[in-house]
Each structure stands twice: as structure tokens, then as C-alpha cells.
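Undergrad: could you work out the structure for the sequence below:
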Amino acid sequence: MTQRSPMKVLCELAEQTLSDTTNQLGKVRQVHANAAAQLEQLTRYEQEYGQQLQTTMSATGMPVINLLSHQFFISSLGRVVKQHTGHVAACQQSVDQALDRWKKDKRRLNAFETLISRADSVKQAKENRLEQKLMDEFAQRASLRNSGL
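TA: Presented below is the predicted three-dimensional model:
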């Protein structure tokens, strides 16, 4: 059984951390997208309801009690839209934080991969030099044997 180097273990842990962070980023992005879609729907509903009130008022008129009721409902919708706007902003902040964590984890993984690559290059260069030295010695011995004939 071959033993893994500590650097490779750290790299694998960094890969797992990045994978977990990527999943978390996906989740918060989905929550944000859902919240933004709900906000858009609420805003559209508020606008449509306001337009309906204007159309009804200009076309046929309406009793004062109905007008007050509609205005109160539109006002309530406005408060809900404002609250949901805050929720969307909080979701965006969560996305930004998750993205910052993802970038940090990605940089960390890249750093480990770079260090491993450099270490492998150094190891390969040493092996190449050793192989060349052995080949030179072999060639020198063969040359000595041939000249001694």
C-alpha cells in the first residue's frame, strides 16, 4: 500500500471543502432566485391591483368604503413588497458571502495543486538527473571495456 503525501491529503481535503462550498453556494443562489421571483410577483400584483382600481374608478366610480378598502389593501401590499425587498437583499448578501467563501476555497485548492505540481516537477528533475548519471556511468564502463579489448 502506498502512503499518500501530507500535501495530497491536504489537497483532497481542500477539494472536499470546495465541493461543500459549491453546494452551499448553489443553495443560497436558489433561495435568492426564489425570493427575487416572489418579489417580482408581488410587485406585479401590486401594480395590477392599482391599475384595476384606477380603471374601475375612472370607468364607473366606486363607493367610498370600497375605495378605502382597496387603498388599504394596496398599502398592505406595499408594506409586504418593502419587507420582501429586504428579504431579497439579505439573500443577496448571503450569496455574496458564499461566493467569497467559494473564491477563498478555490484559491486554497489552487495553491495546494500548484505546490504539488512544483514538488512533482522537482522530483521528476531529480529522477531524470539520476537516470542520466547512471546512463553516463554505463556508457563510460562500456567504453572502457571496449577500449580494453
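
Undergrad: where do the helices of this structure begin and end?
TA: Listed in chain order, the helices found in the chain under DSSP state H are 6-59, 64-147.

Undergrad: what ranges in the chain fall below the confidence cut-off?
TA: 1-2, 148-149 (pLDDT under 70).

Undergrad: sorry, back to before: now, of the helices of the chain, which is deepest in the fold?
TA: helix 6-59 (a mean of 14; mean count of other Cβ atoms under 10 Å). C-beta coordinates here come from the backbone N, C-alpha and C atoms, glycine included.

Undergrad: and it, how far out from the chain middle?
TA: Distance of helix 6-59 from the chain centroid (Cα atoms, centre = their mean, to the nearest Å) equals 14 Å.

Undergrad: same for that helix, what does it pack against?
TA: When contacts are defined as 3 or more Cβ pairs under 8 Å, 6 or more residues apart in numbering; DSSP states H and E, helix 6-59 sits against helix 64-147.

Undergrad: against Ala89, how distant is Tyr45?
TA: Remark: distance between Tyr45 and Ala89 (Cβ to Cβ, to the nearest Å) = 20 Å.

Undergrad: I misspoke; the intended subject was Arg79.
TA: Arg79 sits 16 Å away from Ala89, taking Cβ to Cβ as the criterion.

Undergrad: same deal with Asn66?
TA: Plainly put, Asn66 is 35 Å away from Ala89 if you go by Cβ to Cβ.

Undergrad: ok, Val95 next?
TA: From Val95 to Ala89 the distance is 11 Å (Cβ to Cβ).
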